[in-house]
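> Here's a sequence, model it:
(chains A and B)
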Amino acid sequence: MTSIRETAAPPIEAIAPYEPGGVSVAPFRRFGQRFLANRSAFIALGFLVVLVAVAILAPWLTPEDPSRQHLTRINEGPSRDFWLGTDDLGRDILSRIVIGTRVSMRVALQVVLVATVAAVPLGLLAGYFGRWADAVLMRVMDALFTVPPLILALAVASLLGPSLNNAAFAIAVVFVPGFVRVIRAQVLAIREETFIEASRSIGTGPVRIIARHVLPNVASPLIVQVALGFGYALLAEAGLSFLGLGAQSPDTSWGLMLRGAYDFILEEPWPLIPPGVAIVIAVLVFNLVGDGLRDSLGRETVTLGLER
Amino acid sequence: MLAFFVRRLLLLTPLLILISFGVVALVLLIPGDPARQLAGIDAPQAEVTAIREQYELDEPLLVQYGRWLGGAVRGDLGSSIFQDRPVVTELGDRLPVTLSLAVGALAVMLLIGVPAGILAGTRPGSLLDRLITVFTSLSLALPPFWVAMVLVVLFAVTWRVVPAIGYVRFTDSPVDWATHLYLPWFALGLGGSATLARQVRGSLVDVLEQDYIRTADAKGLPPRRIIGKHALKNAAIAPLTVLGIQFAYLLGGTVIIEQIFSLGGVGQYFFVALVNRDLPVIRGVVVVVALTFITLNLVVDVLYTYLNPKVRLG
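From the prediction side, this is the model:
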């Protein structure tokens, strides 16, 4: 139990305007209407559904075995046999793109899941209980913020050892400070609300207050943050895989495909195109859906802090 | 002003301690026996033992921290495990390359981002505004290293207007220096220009709705003067606060870009260290980049107080 004295303390931070709600139906309907009215976000959502479907159904969608090598037909352009051509080992690029969709989506999901699972308790701890936990945690987050995301992710991935899982973990580490800040700011704003004070005054314990009242109100800015994080996670994974610190052959990912194409860039530039376009489309789709969510969830202007 | 500066520096102390400790603690990430991992899987046992002793890997972390910090404050970041050159010397040699790249990319970012943001922000909802939005959305989705490779294929391989790779020192030939850097500058700066354009647009739209702009308009000032003299100064505040962060991200992007263009700067040094898990180099680069970031933000803070008297000495 926190003492009454503590709850009466004025908030130290500037508090974001906050609208109560999230329980009744109206906000959801308003959100739905706003999102549907945003044409680019709505179209992007359609693409997102397709991407997810491709990722899930990938093994059944590939025109042929993505690791089968046609060594007499390497680095070819598009043809009737190979719709998107072949790579340096004569493998069908389309099949590898399809399988790569699965890998990229999985990594992006893994990144935001790990980051969220780590950041929620930290953000709640800092925002709700405050005091020294807040001071220490936020200084650590500040310190993490001083290293550019890519450099931090690369250092962590390299020291853990090159693998896709380690790359995902490394990118998640980069996300944590941004997520924690968003959660903490929201918790700080809501902690002082009268309904929380009322709940506390009738003897509700902190765990129940957090679960029933705080978490639902933290959800919407966090969802926006997570949605915008997907695109960056995908770009970062491609970068790490390109540098050899992500997916390892014979597995594939779009970034790793670009790595292979890079080695033959002077002889045959074609294999550069499909994975690059795939990355651009996927990131664009994630970003547009994220922007749409941010605009339709209203009020929050979230700065991701890691747009580049 | 001086007091403000000194107070900012004092506030940084805990941050610097945390960063330096974090950098030393990176060793904890290495799975298994760090000495074995750092030496390489095939390295003979003697070499592993040598590395363990040289880098004091069996000492407690705090002892390692003390030694590292003791060196760092005297400008000694240790030496690479694989080549004998001190990290500081290498960084000093390579810094001009990376700064050439990053500052040029920053210029690209400003030259594209600011005009695009002003054009869009002064005409919200117009066709031009929407075209610029398409451009920024696309640029943000483009992986910089892919842009780099496509540029190499187009401009260096197909049309042969610029060299594909390599770096020429400015002091040797300014012209060659620039021609070798056009593509890297653009590849690195493009994404940031999109972010900047969005920010300039957003804050310009906000500022143009304010009363004092309407007053300026009502008293008959031409639009060019309203935007140039009144709107931009206020609209610059928000983008400026993130410019320091943007520059740090440019530094991060140099790792891949230098690799593609074989520029041989800090980024490439870092990349080689990553592949070899060269712990002293990784630590050195991370801490130097973090310090650069802090310094830049300090500079930005000072500029910010200049632009926005409301927070002056605040």
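> Could I get the full set of helices for the chain?
This is for chain A. Taking DSSP state H as the test, the helices found in chain A are A:4-8, A:26-37, A:39-61, A:93-124, A:131-145, A:149-160, A:164-191, A:194-201, A:206-209, A:215-242, A:254-262, A:273-296.
> not what I meant, chain B
B:2-25, B:34-39, B:45-54, B:61-73, B:87-122, B:127-141, B:144-151, B:174-208, B:211-218, B:223-225, B:232-235, B:237-261, B:266-276, B:279-307.
> Show me what counts as buried in the fifth one.
Same thing as helix B:87-122. Within helix B:87-122, the residues that count as buried by 16 or more other Cβ atoms under 10 Å in any protein chain shown are B:87-88, B:90-91, B:94, B:97-98, B:100-102, B:104-106, B:108-110, B:112-114, B:116-122. Yep, even glycine has a C-beta here, placed from its N, CA and C like the rest.
> Just want the angle from that helix to helix B:144-151.
If you take axes from the mean of the first three to the mean of the last three Cα atoms, to 10 degrees, helix B:87-122 sits at 80 degrees to helix B:144-151.
> Packing partners of helix B:87-122?
helix B:127-141, helix B:174-208, helix B:237-261, helix B:266-276, helix B:279-307 (3 or more Cβ pairs under 8 Å, 6 or more residues apart in numbering or on different chains; DSSP states H and E).
> same thing with the second one?
The helices and strands touching helix B:34-39, judged by 3+ Cβ pairs under 8 Å, 6+ apart, are helix B:45-54.
> buried set for the helix it packs on?
Neighbour counts over helix B:45-54 (16+ other Cβ under 10 Å) mark B:E47, B:V48, B:I51, B:R52 as buried.
> just to revisit the earlier point, out of the helices of chain B, the one nearest A:P162 is which?
For A:P162, the closest of the helices of chain B is helix B:266-276, at 8.6 Å, according to Cβ to Cβ.
> Please list the outside residues in contact with that closest one.
By Cβ atoms under 8 Å, 6 or more residues apart in numbering or on different chains, the residues outside helix B:266-276 that reach it are A:151, A:154-155, A:157-158, A:243-245, B:40, B:80-82, B:90-91, B:94-95, B:97-98, B:101, B:254-259, B:262, B:278, B:281-282, B:285, B:288.
> can you state the direction angle for that helix and helix B:174-208?
Calculated by the same axes, to 10 degrees, helix B:266-276 forms an angle of 90 degrees with helix B:174-208.
> Restrict helix B:266-276 to CA atoms and write it as CSV.
These are the backbone C-alpha positions of helix B:266-276, laid out as CSV (Å, rounded to 0.1, in the frame of the first residue of the first chain):
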residue,chain,number,x,y,z
VAL,B,266,35.3,4.4,-38.1
GLY,B,267,32.2,2.6,-39.4
GLN,B,268,34.3,0.0,-41.2
TYR,B,269,36.6,-0.3,-38.3
PHE,B,270,33.6,-1.1,-36.1
PHE,B,271,32.3,-3.5,-38.6
VAL,B,272,35.5,-5.5,-38.7
ALA,B,273,35.5,-5.5,-34.9
LEU,B,274,32.0,-6.8,-34.9
VAL,B,275,32.8,-9.7,-37.1
ASN,B,276,35.9,-10.6,-35.0
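> Pass me the low-pLDDT residue ranges in chain B, would you?
For chain B, the stretches flagged by pLDDT under 70 are B:1, B:310-314.
> Quick check, the residue in it closest to chain A?
Nearest to chain A in chain B, going by Cβ to the nearest Cβ, is B:G252, at a distance of 3.2 Å.
> Next up, the contacts around that residue.
Neighbouring residues of B:G252 by Cβ under 8 Å, 6+ apart: A:P148, A:P149, A:L150, A:I151, A:R308, B:V289.
> rank the helices of chain A by mean pLDDT and give me the bottom one.
Lowest mean pLDDT within the helices of chain A: helix A:4-8, at a mean of 38.
> What's the separation between the closest residue to A:F179 other than its chain neighbours and chain B?
Leaving aside its sequence neighbours, A:F179 sits nearest to A:A119 (Cβ to Cβ, 6 or more residues apart in numbering or on different chains; 3.5 Å). Distance of A:A119 to chain B, computed by Cβ to the nearest Cβ, to the nearest Å: 18 Å.
> List the contacts of A:A119.
A:F175, A:V176, A:F179, A:V180, A:I183.
> Find the nearest non-adjacent residue to the last one, please.
If I follow you right, that is A:I183. Closest residue to A:I183 apart from its sequence neighbours, by Cβ to Cβ, 6+ apart: A:G123 at 2.7 Å.
> Please look at that neighbour and A:V182 and confirm they touch.
Yes - using Cβ atoms under 8 Å, A:G123 is in contact with A:V182, at 7.3 Å.
> Comparing those two, which residue is more hemmed in?
Set A:G123 next to A:V182 and count neighbours by other Cβ atoms under 10 Å in any protein chain shown: A:G123 wins out with 26 against 23.
> quick one: contacts for that one?
Residues near A:G123 by Cβ under 8 Å, 6+ apart: A:F179, A:V180, A:R181, A:V182, A:I183, A:R184, A:V187, A:V218.
> Looking at the residues you listed, which one is closest to A:A41?
Nearest to A:A41 out of the contacts of A:G123 is A:V182 (Cβ to Cβ; 20.3 Å).
> Next, see if stretch A:211-228 gets close to chain B.
No - Stretch A:211-228 stays clear of chain B (Cβ under 8 Å from any Cβ of the partner chain), getting no nearer than 10.5 Å.
> near chain B, which residues of the stretch 151-300 of chain A?
Residues of the stretch 151-300 of chain A lying near chain B by Cβ under 8 Å from any Cβ: A:151-152, A:154-161, A:231, A:235, A:238-239, A:242-245, A:255, A:258, A:261-262, A:265-266, A:269, A:272, A:276, A:279-281, A:283-284, A:287-288.
> Can I get the buried part of those as one ChimeraX selection?
Only the buried entries of those go into this ChimeraX selection, using 16+ other Cβ under 10 Å:
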select /A:151,152,154,155,156,157,158,159,160,231,235,238,239,242,243,244,245,255,258,261,262,265,269,272,276,279,280,283,284,287,288
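> Can you read off the pLDDT for A:V302?
For A:V302, pLDDT reads 42.
> Out of all residues in chain B, which is the farthest from the middle?
Largest separation from the mean C-alpha position in chain B: B:K219, at 43.4 Å (Cα atoms, centre = their mean).
> phi, psi of it?
Phi and psi for B:K219, reported as degrees, to the nearest 10, are phi -80, psi 10.
> separation between it and B:R225?
B:K219 sits 11 Å away from B:R225, taking Cβ to Cβ, to the nearest Å as the criterion.
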